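**Q** Here is a sequence together with a model predicted from it:
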Amino acid sequence: FSANILERDLDSIQSLYRANGFREVKVAARLEENYRGKRGQTALLFQIEEGPHWLVSRVDFQGISPQHEAAIRGILQSAPGQPFSEANIAADRDNILAYYYDRGYSEAQFEYAYRPSTEPSRMELQYTVREGPSRVVREVLLGGLDATRPQLVHQRLGINVGDPLSPTQMIQTQRRLYDLGIFAKVETAIQNPEGEEPAKYVDFQMEESRKYSVAGGVGAEIARIGGSRTDLTAPAGQAGFSPRLSFDLSRLNFLGRAHTVSLRTRVSTLQQRVLLSYLAPQFRNRQNLDLTVNALFDTSKNVRTFSARRWEGSTQIAHRWTRSKTFFYRFAYRRVSVDQNTLNISKDLIPLLSQPVRVGVLSASYVDDRRDDPIDSSRGTYNSLDLGVASRLFVSETDYGRLLARNSTYHPLPGRLVLARNTSFGLMTTLRRRPGQLPSPQDIPLPERFFAGGASSHRAFPENQAGPRDLQTGFPLGGKALLAFNTELRFPIAGQNIRGVLFHDAGNVYSSVRDVSFRLRQRDKTDFDYMVHAVGLGLRYRTPVGPVRLDLSFSPNSPRFYGCSGTREDLLAGRCNPSDQRINRLQFHFSLGQTF
């Protein structure tokens with residue numbers, strides 16, 4: 001019990017009543033020891049005498065021009081029939097002055113008076129406004145533009161010649177210019193604000209940001225990894241270390257249009273990636289539209305079954321619907337191919353699944369992000385839905401539909417605990433394949449299928465090791481359906497920077513959506529359509545770029561499968577010796593950022 005806290009509570013209750021028209025309210029508290037005979041228990045009993053409920057009977061204006069009266073009555077808190085309170089009068093004062101200031105009446109003044117009405121518990125209000133002269137914009141002056149085209153700034157001005165001198169429009173213009181991302185500073189001022197002339201100059205002074213941005217980084221992945229190798233004895237990967245280098249170069253404000261051209265490169269033992277991007281923010285002068293055009297070259301070995309090469313061009317429009325909701329509309333055209341010399345599957349399938357395929361995909365995504373921190377969330381929700389269609393209408397050699405949905409929630413608990421959960425669901429369907437038809441280049445290519453497993457999806461598996469496998473070599477083939485559940489309890493260990501995690505992952509990649517199952521047991525070594533579970537413990541260390549994490553997991557029902565002892569040459573020559581294998585039930589993952 002604290003007397004100071006009690007005093008604040010009494011004031012809060014009294015203020016609440018007065019704000020709702022109970023001007024004569026009386027609030028008291030009585031302390032009762034040993035409440036209901038329980039020694040050491042204290043009860044607080046609040047006694048409230050509300051008194052009469054005062055309402056506004058009428059509001060009279062003085063000094064307000066007829067053309068403004070209707071609009072001002074529409075923004076009043078103290079309208080007839082509403083509770084009478086000083087708080088509502090203060091809100092009316094702010095609203096009325098803001099109304100006048102936005103219409104160029106920079107010298108407007110407000111006064112009020114009230115008196116009891118002839119009716120009981122009713123109050124009459126009188127608002128008096130001294131409008132003063134109206135100021136307008138004489139001219140808008142721009143300064144500090146070096147590489148930027150003046151037309152780009154003029155298109156985003158919310159204030160023009162002849163408009164009322166509105167502080168709100170000046171601030172909104174300043175914000176729109178900052179949103180372009182090309183100005184380090186934007187300052188606005190009115191020339192000679194105290195002068196008597198009715199038309200004023202409005203000055204915007206800008207400082208352009210640096211034109212070039214360079215970034216580089218060094219990283220590593222430590223887990224059960226490894227690209228395609230000639231040795232087939234470890235299809236589930238081996239503990240390894242993969243260093244990474246990155247280099248990014250960006251040219252801001254390209255051609256003075258606030259566009260950005262960027263080159264991003266990633267090089268590691270598992271991936272070589274070059275991405276050239278062209279970003280046009282506020283496309284067609286619409287603040288909620290961004291246009292991005294990409295050209296990509298990627299060579300990946302992160303799936304041990306094969307090495308994939310991808311050439312891709314894509315165009316995307318991002319439409320920010322609200323602060324949390326964004327729609328993305330994309331068209332991508334790519335050529336995907338698998339290196340035949342790295343394809344570790346049954347030799348009969350190698351000619352079919354190694355042929356290059358052209359893929360044209362039209363897709364749309366919806367994202368609703370209400371998290372408090374996208375890098376390290378502790379409360380909020382995240383929802384996403386992605387729909388895509390590859391079709392011959394887009395000069396594609398394969399026809400399929402694709403859906404991928406995700407739902408994540410974050411719940412803060414007492415003791416700085418956070419309960420986080422995530423559900424992911426995906427499906428793919430071939431649109432033109434006949435029943436019983438063998439795999440072909442026109443089927444869903446290997447690099448386009450769902451692959452999962454690893455630090456950011458399902459920690460019972462090494463990287464991209466979940467789902468169906470080749471029945472002869474044991475290497476993963478990907479699937480056409482995905483279902484995964486992740487649950488984490490995040491708790492503090494030491495200070496603000498070191499935290500721990502207890503987690504449970506469940507799910508798998510499935511052959512098709514018809515094969516999705518919650519079954520816990522694997523029927524035999526050719527059955528991979530069941531739900532794999534993993535439990536584990538993790539450690540998180542907070543850094544400025546996100547938490548560094550180490551996860552250790554145990555899976556009681558990890559998949560068993562048939563493998564092949566020998567080399568790829570033995571496989572092609574038919575000398576491969578079958579062997580019984582299993583995904584290691586103990587897995588470790590070292591990475592950057594939360595799992596979800």
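**A** Alright, I've got the coordinates.
**Q** Domain map for this protein?
**A** The record's domain parsing of the chain by automatic domain parsing lists 3-49, 55-130, 136-208, 212-592.
**Q** Among those domains, show me which one is buried the most.
**A** Mean neighbour count, computed with mean count of other C-beta atoms under 10 Å, is highest for domain 212-592 among these, reaching a mean of 17. Where you see a C-beta, it was placed from the backbone N, CA and C, and this is true even at glycine.
**Q** end to end, how far does it reach?
**A** Start and end residues of domain 212-592 are separated by 27 Å (C-alpha to C-alpha, to the nearest Å).
**Q** okay but Arg251 is in contact with Tyr212, surely?
**A** Yes: Arg251 is within contact range of Tyr212, at 6.0 Å (criterion: C-beta atoms under 8 Å).
**Q** Identify the spatial nearest neighbour of Arg135, chain neighbours not counted.
**A** Leu165 (4.1 Å; C-beta to C-beta, 6 or more residues apart in numbering).
**Q** wait, what's in contact with Pro272?
**A** One correction, residue 272 is Gln, not Pro. Shown in contact with Gln272 (C-beta atoms under 8 Å, 6 or more residues apart in numbering): 266, 298-299.
**Q** so where do the strands sit in the stretch 51-200 of the chain?
**A** 55-62, 109-116, 122-130, 136-143, 183-190, 199-208 (DSSP state E, counting those that start in this stretch).
**Q** On the pLDDT front, check the closest residue to Arg210 other than its chain neighbours for me.
**A** Nearest residue to Arg210 in three dimensions, chain neighbours excluded: Leu252, at 7.1 Å (C-beta to C-beta, 6+ apart). What the model reports as pLDDT for Leu252 is 94.
**Q** Please apply the same query to the one 4 residues further on.
**A** Predicted confidence (pLDDT) at Gly256: the value is 94.
**Q** swap in the one 3 residues further on?
**A** Predicted confidence (pLDDT) at His259: the value is 96.
**Q** Okay, and the beta partners of it?
**A** Assessed by DSSP bridges, His259 has beta-bridge partners Phe254.
**Q** That one and Leu279 touch, don't they?
**A** Yes: the pair His259 / Leu279 is scored as a contact, 6.3 Å apart, by C-beta under 8 Å.
**Q** Which parts of the stretch 101-250 of the chain are helices?
**A** With DSSP state H, counting those that start in this stretch as the criterion, the stretch 101-250 of the chain has helices at 150-154, 167-179.
**Q** now for those helices, which one comes closest to Pro412?
**A** The minimum distance between Pro412 and the helices of the stretch 101-250 of the chain falls on helix 167-179, with 31.1 Å, by C-beta to C-beta.
**Q** so how far is that closest one from its chain's centroid?
**A** In terms of C-alpha atoms, centre = their mean, to the nearest Å, the centre of helix 167-179 is set 25 Å apart from its chain centre.
**Q** From the contact counts, what lies against that helix?
**A** Using 3 or more C-beta pairs under 8 Å, 6 or more residues apart in numbering; DSSP states H and E, the elements in contact with helix 167-179 are helix 86-101, strand 183-190, strand 199-208.
**Q** ok, now with 6 Å
**A** Under the contact criterion of 3 or more C-beta pairs under 6 Å, 6 or more residues apart in numbering; DSSP states H and E, helix 167-179 touches strand 183-190.
**Q** Neighbouring strands - and their directions - for the strand it packs on?
**A** strand 199-208 (antiparallel).
**Q** Kindly reformat the strands of the stretch 51-200 of the chain as CSV and extend each row with distance to Asp551 and mean pLDDT.
**A** Formatted as CSV, the strands of the stretch 51-200 of the chain follow (distance: least, C-beta to C-beta, whole Å; pLDDT from 0 to 100):
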stretch, distance to Asp551, mean pLDDT
strand 55-62, 62, 96
strand 109-116, 61, 96
strand 122-130, 64, 96
strand 136-143, 54, 95
strand 183-190, 41, 95
strand 199-208, 45, 95
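**Q** Columns distance to Ser377 on top of the ones you listed, output as JSON lines?
**A** Listed next are the strands of the stretch 51-200 of the chain as JSON lines, based on distance: least, C-beta to C-beta, whole Å:
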{"stretch": "strand 55-62", "distance to Ser377": "45"}
{"stretch": "strand 109-116", "distance to Ser377": "44"}
{"stretch": "strand 122-130", "distance to Ser377": "47"}
{"stretch": "strand 136-143", "distance to Ser377": "41"}
{"stretch": "strand 183-190", "distance to Ser377": "30"}
{"stretch": "strand 199-208", "distance to Ser377": "35"}
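**Q** among the ones you listed, which is nearest Thr292?
**A** So among the strands of the stretch 51-200 of the chain, strand 183-190 is nearest, using C-beta to C-beta, at 21.0 Å.
**Q** Contacts for the closest one, please.
**A** By C-beta atoms under 6 Å, 6 or more residues apart in numbering, the list of residues contacting strand 183-190 from outside reads 170, 174, 177-178, 200, 202-207, 209.
**Q** And for Gly467, nearest residue in space, chain neighbours not counted?
**A** The shortest distance from Gly467 to any non-neighbouring residue, by C-beta to C-beta, 6+ apart, is to Val509 (2.8 Å).
**Q** from memory that neighbour sits against Leu477, does it?
**A** No: using C-beta atoms under 6 Å, Val509 is not in contact with Leu477, being 9.4 Å away.
**Q** and the next element down the chain from the helix or strand hosting Ser15?
**A** Using DSSP states H and E, Ser15 falls within helix 3-19. Scanning forward in sequence from helix 3-19 by DSSP H and E, the next helix or strand is strand 26-32.
**Q** mind checking which helix or strand of the protein has the lowest mean pLDDT?
**A** Least confident helix or strand, the chain: helix 350-353 with a mean of 59, by mean pLDDT, DSSP states H and E.
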